[in-house]
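Asks: fold the following for me, if possible:
(chains A and B)
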Amino acid sequence: MHFVVCIKQVPDTAEVKIDPETNTLVRAGVESMANPYDITAMEEALRLKEKYGARVTAISMGPPQADSVLRQALSMGADDAVLLSDRAFAGADTLATSYTLSKAIETLGNVEPVDLVLCGKQAVDGDTAQTGPGIATRLGFTQFTYVIEVERIDPDKRRLQVRRKVEGGFEVISGALPALLSVELELAAPRRASLPMLIDSLRTPVKTWDAKAIGASSALVGIKGSPTWVKAIASPQVHRAGPRWDAAEGVSAAVSAALDALFSDEEFAAGFVKGWKA
Amino acid sequence: MEEKFDAAIVGAGPAGISAACILADRGVKVIVLERGEYPGSKNMFGGVLYGRCLGRIIPDYAQKNCPIERNIVESRISYLSEQGSISFAYRDHAFFEELQNNAFTVGRAKFDRWFADQARAKGALVVCSTVVTDLLRDEAGRVIGVKTDRADGDLRAKVVLLADGVNSPLAARSGFRPEVRPGKVALAVKELIALPEEVIDERFGVSAGNGVTNEILGNVTAGMNGVAFIYTNRRSVSIGIGANLSDFARQRVRPYEMIERLKLHPAISPLIKDGKPTEYIAHWLPEGGFETVPKLFGDGFLIAGDSAMLFNALHREGSNLAMASGRLAAATILDAMEKGDFSSRTLQAYGARLEESFVLKDLKKYRRFPSFLETHKELFTTLPDGVSAALRTILTVDETPKKTSQRAAWQAMRSRTAPLRLLHLIWDAWRSIR
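Replies: Predicted coordinates for the structure are as follows:
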């Protein structure tokens, strides 16, 4: 079997900044990392490989520096890695991204048919959870979203059974291969690479494919292929900002001022005393 | 077959990467093992590097986009009392041009990564998120590689360079350096305070790209042997304060309270007003000086940088000595490669190289300085207020005859620090740095 894992490089920061001009994420000067959901997908692909036997190819779309997430995949045990990098890919929304990734998976499939594509449920930067389903739709693959366990694969009958998270519980469903899984973090805790694998991953050259290499139409990739238009972007209003006490005169002075203010509310004081006695 | 490297370097800081650059440049098969997620993620320093020392390793560092924050054109020393501040500042036109980048500020998270990239470009392998847990030794006790915390983590090398910093768990385990005693290290905390570039230019009186360093002494360390600083970065200022670790333990002062108090001082608060703290870090500084430098080499290994306690507290040279010692370690390893001998017989040349260089010469010169500070606590307690009160008396214009006010100033001074003690202080200070 042949498994393909899609990995996205995302900014490693809790403080995502938005460019006010273009309404897109500011990536310059921000640490990056592999999307944790995608690394979970990578781990699951490796576990399935160990159980059923398969070849695992990791792919990512991004600038040349995104090769670091593919090296991480290689260090974990991916057999091969391909970076999709082309200036024309820049500015892609989920529609263009899923098109580009599906063209790459088709290209990989021409050499060795792809049985299973594994993606993270969503990326931690955009949080859309659209790219995985987009790829499945374009490739005509069975689609399993929010997967928390792969119960079994039957390579002969070409069937797959998974447990997926649904509101209030889980659902066990089966379907035909080839399939795409979008996975939840609880599916599998990622492994730590061994030292020799880590060293090897740093030396392995990562293949780079451009739009031509995957036969992608230039009108459908990158910003040209992205009909998404961000009208406005705003931080949610923080309501009920409570009063503040300055600690310039020392913390204990500020705390006692705060307590005094709190207990000057008779209703609160009464409630507190009642609660205390109870 | 198990892979064998020529040189394994523990730690991707300035010492380790300096050595890696030089070795990889000469075709030595070198691997650097870093415990942080990326080089620079686990360390801290005030922020000043020196162009000359970096130039010895990467001559065209400025053209190679070294992430310099500001070129230092002015150095200030301030002595703070409870409310007052006595300052000395030196600025020279030379620092703008012919001595440009004599000293400059960098952020270690950015700089170390850039520096490691230079080593990678030369062919060194830099492996991150990997902790070296012990040294591999043969039956004769010679070091033949390192053990790491990863699966199949033993790695063989002809020589190991230990450059894993002051807080080295490896030091304790391998016994190559006695565990540091609290009295021989400082605990320093630092905040990065974000401010617009023009605001920093204006507050420190500099043009774009240039900056100021300010060392701060006095009773801001609450009577502990320590020092504070403010350095300008491009869009932030670094403010930090550190003191001897056993002083901290004795006085039960909390480091974050100390930095908060520093930030509220009338001489400091206008410099950082309306700034937004974006980072808070704490680290040890190996300020024990010459007396705490361990044996720097043995069969199959060398020690450089903070791991070797090579640190000049008085001249804020930690990274500088790290880079210089890393460079000299690399030169010694190159000799050993040529001879094919990695025993201490060949590696002892490293010790000699350090002795001949400014690294050990400076530490030797200042070897009494750490104990001078330890034994003259009035520098951090009564003296700042004494000097401050004296100056305030002299500068208060209220029609008091000068003779009276000068006598009052002297009285203010001697009531806090006895004249004989003051004389001792000056004499001992001079002796400690002679």
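
Asks: up against chain A, what does the stretch 1-150 of chain B have?
Replies: Where the stretch 1-150 of chain B comes near chain A, counting by Cβ under 8 Å from any Cβ of the partner chain, the residues are B:3, B:31, B:38, B:125-127, B:130, B:148, B:150. In this view, the C-beta of every residue, glycine as well, is placed from N, C-alpha and C.

Asks: my guess is B:Arg70 meets B:Ser207, correct?
Replies: No. Counting by Cβ atoms under 8 Å, B:Arg70 stays clear of B:Ser207, with 10.2 Å between them.

Asks: out of the two, which sits in the busier spot?
Replies: B:Arg70 (26 against 10; other Cβ atoms under 10 Å in any protein chain shown).

Asks: next up, the contacts around that one.
Replies: By Cβ atoms under 8 Å, 6 or more residues apart in numbering or on different chains, the contact list for B:Arg70 reads B:104-105, B:206, B:209-211, B:232-234.

Asks: would you convert those into JSON lines that also reports neighbour count?
Replies: Shown next, in JSON lines, are these (neighbours: other Cβ atoms under 10 Å in any protein chain shown):
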{"residue": "B:Phe104", "neighbour count": "24"}
{"residue": "B:Thr105", "neighbour count": "24"}
{"residue": "B:Val206", "neighbour count": "20"}
{"residue": "B:Gly209", "neighbour count": "16"}
{"residue": "B:Asn210", "neighbour count": "20"}
{"residue": "B:Gly211", "neighbour count": "27"}
{"residue": "B:Thr232", "neighbour count": "27"}
{"residue": "B:Asn233", "neighbour count": "21"}
{"residue": "B:Arg234", "neighbour count": "16"}
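
Asks: need those residues in JSON lines with pLDDT, can you?
Replies: As requested, the contacts of B:Arg70 are arranged in JSON lines below (pLDDT from 0 to 100):
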{"residue": "B:Phe104", "pLDDT": "94"}
{"residue": "B:Thr105", "pLDDT": "94"}
{"residue": "B:Val206", "pLDDT": "94"}
{"residue": "B:Gly209", "pLDDT": "92"}
{"residue": "B:Asn210", "pLDDT": "95"}
{"residue": "B:Gly211", "pLDDT": "95"}
{"residue": "B:Thr232", "pLDDT": "96"}
{"residue": "B:Asn233", "pLDDT": "95"}
{"residue": "B:Arg234", "pLDDT": "94"}
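
Asks: of the residues you listed, closest to chain A?
Replies: Distance to chain A across the contacts of B:Arg70 (Cβ to the nearest Cβ) is lowest for B:Arg234, with 11.5 Å.

Asks: doesn't the closest one fall inside a helix?
Replies: No. Secondary structure assignment (DSSP: H, G, I helix; E, B strand; the rest coil) places B:Arg234 in coil, not in a helix.

Asks: how about it, nearest residue that isn't a chain neighbour?
Replies: Using Cβ to Cβ, 6 or more residues apart in numbering or on different chains and skipping residues adjacent in sequence, the residue nearest B:Arg234 is B:Glu69, 4.7 Å away.

Asks: how about the contacts made by that neighbour?
Replies: B:47, B:104-107, B:211, B:232-234.

Asks: let's go with 10 Å and repeat that
Replies: B:47-49, B:104-107, B:110-111, B:209, B:211, B:231-236, B:238 (Cβ atoms under 10 Å, 6 or more residues apart in numbering or on different chains).

Asks: what lines up beside the helix or strand harbouring A:Ile59 in the sheet?
Replies: Using DSSP states H and E, A:Ile59 falls within strand A:55-61. Partners of strand A:55-61 in the sheet, by DSSP bridges, are strand A:2-6 (parallel), strand A:80-84 (parallel).

Asks: looking at those strands, which is buried most?
Replies: Burial of those is given as mean neighbour count (mean count of other Cβ atoms under 10 Å in any protein chain shown); strand A:2-6 ranks first at a mean of 26.

Asks: any weak-confidence spans in the stretch 51-200 of chain B?
Replies: Along the stretch 51-200 of chain B, no part satisfies pLDDT under 70.

Asks: show me where it has helices.
Replies: Secondary structure of the stretch 51-200 of chain B (DSSP state H, counting those that start in this stretch): helices located at B:51-55, B:108-121, B:169-174, B:197-204.

Asks: with just CA atoms, put the second one into CSV.
Replies: So the one you mean is helix B:108-121. What follows is helix B:108-121, C-alpha atoms only, in CSV (Å, rounded to 0.1, in the frame of the first residue of the first chain):
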residue,chain,number,x,y,z
ARG,B,108,20.5,35.3,21.0
ALA,B,109,17.4,33.5,19.7
LYS,B,110,18.0,35.1,16.3
PHE,B,111,21.8,35.3,16.4
ASP,B,112,22.5,31.8,17.5
ARG,B,113,20.2,30.5,14.8
TRP,B,114,22.0,32.6,12.2
PHE,B,115,25.3,31.5,13.5
ALA,B,116,24.3,27.9,13.4
ASP,B,117,23.2,28.4,9.8
GLN,B,118,26.7,29.6,8.9
ALA,B,119,28.1,26.4,10.4
ARG,B,120,25.5,24.3,8.5
ALA,B,121,26.5,26.1,5.2
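
Asks: for that helix, packing partners?
Replies: Counting contacts by 3 or more Cβ pairs under 10 Å, 6 or more residues apart in numbering or on different chains; DSSP states H and E, helix B:108-121 packs against helix B:14-25, strand B:30-33, strand B:48-50, strand B:68-80, strand B:103-106, strand B:125-127, strand B:276-285, helix B:319-339.

Asks: okay, the strands paired with strand A:55-61 in TSV with mean pLDDT and distance to B:Asn225 next?
Replies: Formatted as TSV, these follow (pLDDT from 0 to 100; distance: least, Cβ to Cβ, whole Å):
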stretch	mean pLDDT	distance to B:Asn225
strand A:2-6	97	55
strand A:80-84	96	53
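
Asks: wait, B:Ile433 sits on B:Leu314?
Replies: Yes. B:Ile433 sits in contact with B:Leu314 when judged by Cβ atoms under 10 Å, with a separation of 6.8 Å.

Asks: okay, those two: which has more neighbours?
Replies: Of the pair B:Ile433 and B:Leu314, B:Leu314 is the one with more neighbours under other Cβ under 10 Å, namely 18 against 12.

Asks: what about the more buried one, distance to chain A?
Replies: Going from B:Leu314 to chain A by Cβ to the nearest Cβ, to the nearest Å gives 34 Å.

Asks: quick one: which helix or strand includes that residue?
Replies: B:Leu314 belongs to no helix or strand, assigned by DSSP H and E.

Asks: which residues does it contact?
Replies: Counting by Cβ under 10 Å, 6+ apart, B:Leu314 has contacts B:215, B:227, B:287, B:289, B:362, B:365-366, B:369-370, B:372-373, B:432-433.

Asks: neighbour-wise, which of the residues you listed leads?
Replies: B:Glu287 (27 neighbours).
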